[in-house]
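> let's see this in three dimensions:
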Amino acid sequence: MHLPDPRRAAVVLAGAAAFVSLYAPQSLLPLLRVWMGTNAALAGLVVSAATAGVALIAPFTGWLADRYGRRRVIVMAALLMACGGAVRGLRLLSQAGCDRARQEQFHGVDRILGRQVRWGLGYGLFGSTYGWGGWGGSIVMIEPGDRMAAAYVTNQMREPAGDTRGLEVIMAAYDGLKGLRA
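Coordinates of the predicted model:
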């Protein structure tokens, strides 16, 4: 029996997982309709908007990641969010879009984490700061008031317990920011 290349299998599984996250909410449309207090068509449009967004942007982000590397794309996206959508006079995102990403969408006990959290659109909210961390150890923090973003992106997935490199990078960035403020 010939086993497939593990890298190819990983890419296929990652792609499948991405599409599951897009299509899984469809089963929640009746609840979403009631929660939004609207009709089924508008509730369906909410789910369709995410799918359309991925379909429109995925080829571009894939090209960027191939050309410049995944780390650089993540860091530049975080920097762009920290700077309100414009870097060096070039506007790539609207200020309103950047602000929307950090508007609270959920506040309560996360059923997976089992603790109080605040979520924006894809980011955890921590006062005026927002960011995310990946299971493999990657982390991004965005400080829009100071136009700062700090990120640590790992080469591979690993058990994060005991590995503090990402947190150390973030803390060093905040130490530098404190020095600039003094």
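> residue ranges in the chain under the pLDDT threshold?
For the chain, the stretches with pLDDT under 70 are 1-28, 32, 36, 46-47, 50, 157-161.
> show me the strands in it, by range?
Here the chain has its strands, by DSSP state E, at 86-87, 90-91, 106-109, 116-119, 124-126, 129-133, 139-143, 148-152.
> what lies in contact with the third one?
Residues outside strand 106-109 that contact it (CB atoms under 8 Å, 6 or more residues apart in numbering): R115, Q116, V117, R118, W119. To be clear about C-beta, it is placed using only N, CA and C from the backbone, and glycine gets the same treatment.
> listing partners with orientation, what would you give for that strand?
Sheet partners assigned to strand 106-109 using DSSP bridges are listed as strand 116-119 (antiparallel).
> tell me how far the partner strand lies from the chain's centre.
Centroid displacement of strand 116-119 relative to its chain, using CA atoms, centre = their mean, to the nearest Å, is 15 Å.
> repeat that for stretch 93-110.
11 Å.
> only alpha carbons, please: show it as CSV.
Output of stretch 93-110 as CSV, limited to C-alpha atoms (Å, rounded to 0.1, in the frame of the first residue of the first chain):
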residue,chain,number,x,y,z
LEU,A,93,-8.0,49.1,4.1
SER,A,94,-10.6,51.6,5.3
GLN,A,95,-10.3,53.0,8.8
ALA,A,96,-13.9,51.9,9.3
GLY,A,97,-12.9,48.3,8.4
CYS,A,98,-10.0,48.3,10.9
ASP,A,99,-12.2,49.7,13.6
ARG,A,100,-14.9,47.1,12.9
ALA,A,101,-12.4,44.3,13.5
ARG,A,102,-12.0,45.4,17.1
GLN,A,103,-15.6,46.0,17.9
GLU,A,104,-16.9,43.6,20.5
GLN,A,105,-18.9,40.8,19.1
PHE,A,106,-18.9,38.5,22.1
HIS,A,107,-18.4,38.9,25.8
GLY,A,108,-18.8,36.0,28.1
VAL,A,109,-17.5,32.6,29.0
ASP,A,110,-15.8,30.9,26.1
